[in-house]
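model this:
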Amino acid sequence: MRCLLHLVLVSGVLLVCGCGGDDQGRDATGTPGPSSTDSSDGNTDGSPKQYRIAVIPKGTSHDFWLSVRHGAETAAKELGNVEVIWKGTQKEDNKEGQILILDSFIVQGVDGICLAPIDREAMIPVVSRARDRKIPTVVFDSGLADESVYVSYVATDNYKGGVMAAQRMGKVLGGKGNVIMLRYQAGSQSTENREKGFLETLAKEFPGIKVLSDNQRATSDINEAKLKSTSMLLKYKSELDGVFTVCEPHNKGMLAALEDNKLTSKVKFVAFDSSPRMIEGLANDTVHGVVLQDPVNMGYVAVKTMAAHLGGQEVEKRISTGEYVATAENRNEKKMASVLNPEKHAP
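Purely as a prediction, here's the structure:
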């Protein structure tokens, strides 16, 4: 199956000490498998200990999170002794709602938490509360400002993704032109690193490209992103050559604005994260590059890492799940196609 090819890409780096299988029901990474009977980590009857792991995404309304959920639940099925409890706010700007969800899982006494923080600062106190109650947290997708409160960080190298976006923009513009970038809401470490990587790389590697605007922001609401995009396009329409957006809802809003203003044939568009609209855009030359994460692998590795930690194994503090750039030329290649159109949780 396609998803199995990329689900295991980074499993080999899950553990600092993971270097091959053994005879005690562990897989090649050292992560306990469903048949593990290690008495130090099991029940008195020799069966593996059962774990309840809460998986909390930034939001639940976008394709990306459906793929993360698919990966998380695939990991739980493989392990056999893990129950994934999936719960998140609908919108990705509801940090108060995410805090309430976290606190509710602390009260329930889950064994572990996998969290994609909406805000790098605001989530620190509640993750600290979980730690004080002996409930560990694996952070995924987007980081926290205090690394001491979590066990491991499983994510894309978002700064590198921003670098790759700038390099793609530089290539499609031939190293010169005028561009704009629409920022995400403040406080999201993942998107801030994408923005930083993009801007710093343009300045360093492409002095012939001028950034006309990089101070406009929008939340995860597609309609808001479209309004902000439209305003920017109208302001810079006569001199604009390229645009960059840093997340799925912004991609959709910007593409709609480009289409409404009949600018898709004039303006080069580089996006971050896939969706059916981006795949279609690569095919019809209205999208000129998509920086990709591997959301299935991210959810999979986050749960596997938490299970390994709960089983008493040492896990790495930072685990990268990969970054890619899809273009019209490579979009049908096997690996690229799998991350452009990843498996999703079936409602």
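
Okay, now the unreliable bits of the stretch 1-150 of the chain?
Along the stretch 1-150 of the chain, segments meeting pLDDT under 70 span 1-47.

Which parts of it are helices?
With DSSP state H, counting those that start in this stretch, the ranges of helices along the stretch 1-150 of the chain come out as 2-7, 63-79, 95-108, 124-132.

which SSE is Arg277 in?
For Arg277, the host element (DSSP states H and E) is helix 276-284.

related to what we said a few turns ago, compile the helices of the stretch 1-150 of the chain into TSV and extend it with columns for mean neighbour count and distance to Gly289.
Quick note: C-beta positions are derived from backbone N, CA and C, even for glycine. Below are these laid out as TSV (neighbours: other C-beta atoms under 10 Å; distance: least, C-beta to C-beta, whole Å):
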stretch	mean neighbour count	distance to Gly289
helix 2-7	16	20
helix 63-79	23	18
helix 95-108	17	31
helix 124-132	17	35
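
Of all these, which one is nearest Glu329?
Glu329 lies closest to helix 2-7 among the helices of the stretch 1-150 of the chain, at 20.3 Å (C-beta to C-beta).

Run through the residues that contact the residue nearest the centre of the chain.
In the chain, the C-alpha nearest the mean C-alpha coordinate belongs to Asp141, at 3.9 Å (C-alpha atoms, centre = their mean). The neighbours of Asp141, taking C-beta atoms under 8 Å, 6 or more residues apart in numbering as the test, are Pro57, Lys58, Val68, Ala116, Val154, Ala155, Thr156, Ser190, Met298.

Pull up the gap between the residue lying closest to the fourth one once chain neighbours are set aside and Arg69, please.
To tie it back to what came earlier, the one meant is Ala116. Residue nearest to Ala116 in three dimensions, not counting chain neighbours: Asp141, with 3.9 Å by C-beta to C-beta, 6 or more residues apart in numbering. Per C-beta to C-beta, to the nearest Å, Asp141 is found 12 Å from Arg69.

joint contacts of those two?
Common contacts of Asp141 and Arg69, defined by C-beta under 8 Å, 6+ apart, comprise Pro57.

Backbone dihedrals for Ala328, please?
Main-chain torsions, Ala328, degrees, to the nearest 10: phi -60, psi -30.

no no, Thr191
For Thr191, the backbone dihedrals (degrees, to the nearest 10) come out as phi -70, psi -30.

What's the local residue count around it?
Per other C-beta atoms under 10 Å, the neighbour tally for Thr191 reads 23.

cool, the one 5 residues further on as well?
Neighbour count of Lys196, defined by other C-beta under 10 Å: 14.

cool, Gly312 as well?
10.

mind checking the longest strand of the chain?
Under DSSP state E, the strand in the chain containing the largest number of residues is strand 209-218.

packing partners for it?
Strand 209-218 sits against strand 177-184, helix 189-205, helix 222-236, helix 248-260, with contacts defined as 3 or more C-beta pairs under 8 Å, 6 or more residues apart in numbering; DSSP states H and E.
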